[in-house]
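> Take a look and give me a structure for this.
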Amino acid sequence: MPKAIWNGAVLAESDNCEVVEGNQYFPPDSINKEYFKPSSTHTTCPWKGVASYYTIEVDGQQNADAAWYYPEPKDAAKQIKDHVAFWRGVKVEV
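A predicted model of the protein is given here:
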């Protein structure tokens, strides 16, 4: 079962991830929300749309913009709506 871990904490775990461009996108109900803080960062992908970000906080340490999701993806990426992917040192075990 795919699992996202940072600073010793399990951020997300699910058997229902979507894989896009090599990234595991975890369903919204699989994330441990206490570690996620909304960020004002946004980026744009030509085919997926506008991504929003979360800063991860575990035991007082922050990892800025280490998770992203697409709240309103384009049709080509509709299967990852609100699913969360990780980078910046977050380890995703498959």
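> Tell me which stretches of the protein form strands.
Taking DSSP state E to define them, one finds strands in the chain at 3-6, 9-13, 18-20, 23-25, 36-45, 49-58, 61-69, 84-86, 91-93.
> May I see the ones you listed organised as TSV, with mean pLDDT added?
Formatted as TSV, those follow (pLDDT from 0 to 100):
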stretch	mean pLDDT
strand 3-6	98
strand 9-13	98
strand 18-20	97
strand 23-25	98
strand 36-45	98
strand 49-58	98
strand 61-69	98
strand 84-86	98
strand 91-93	98
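> Show me the beta-bridge partners of residue 19.
Counting by DSSP bridges, residue 19 is bridged to residue 24.
> pretty sure it is touching residue 25, no?
Yes - look at residue 19 against residue 25 with C-beta atoms under 8 Å: they come within range, at 7.2 Å. C-beta: built from backbone N, CA, C; applies to glycine.
> measure residue 7 to residue 15 for me?
24 Å (C-beta to C-beta, to the nearest Å).
> Give me the more crowded residue out of these two.
Neighbour count, other C-beta atoms under 10 Å: between residue 7 and residue 15, residue 7 has more, with 16 against 8.
> Check the gap between the nearest residue to residue 85 once chain neighbours are set aside and residue 87 for me.
Counting by C-beta to C-beta, 6 or more residues apart in numbering, residue 85 lies nearest to residue 23, which is 4.3 Å off, once chain neighbours are set aside. As defined by C-beta to C-beta, residue 23 lies at a distance of 8 Å from residue 87.
> Ok, which of the strands of the chain comes nearest residue 75?
strand 49-58 (9.3 Å; C-beta to C-beta).
> so what strands line up beside the closest one?
strand 36-45 (antiparallel), strand 61-69 (antiparallel).
> circling back to that earlier point, and residue 23 and residue 87? which has more neighbours close in?
Comparing residue 23 with residue 87 by other C-beta under 10 Å, the one with more neighbours is residue 23, at 17 against 12.
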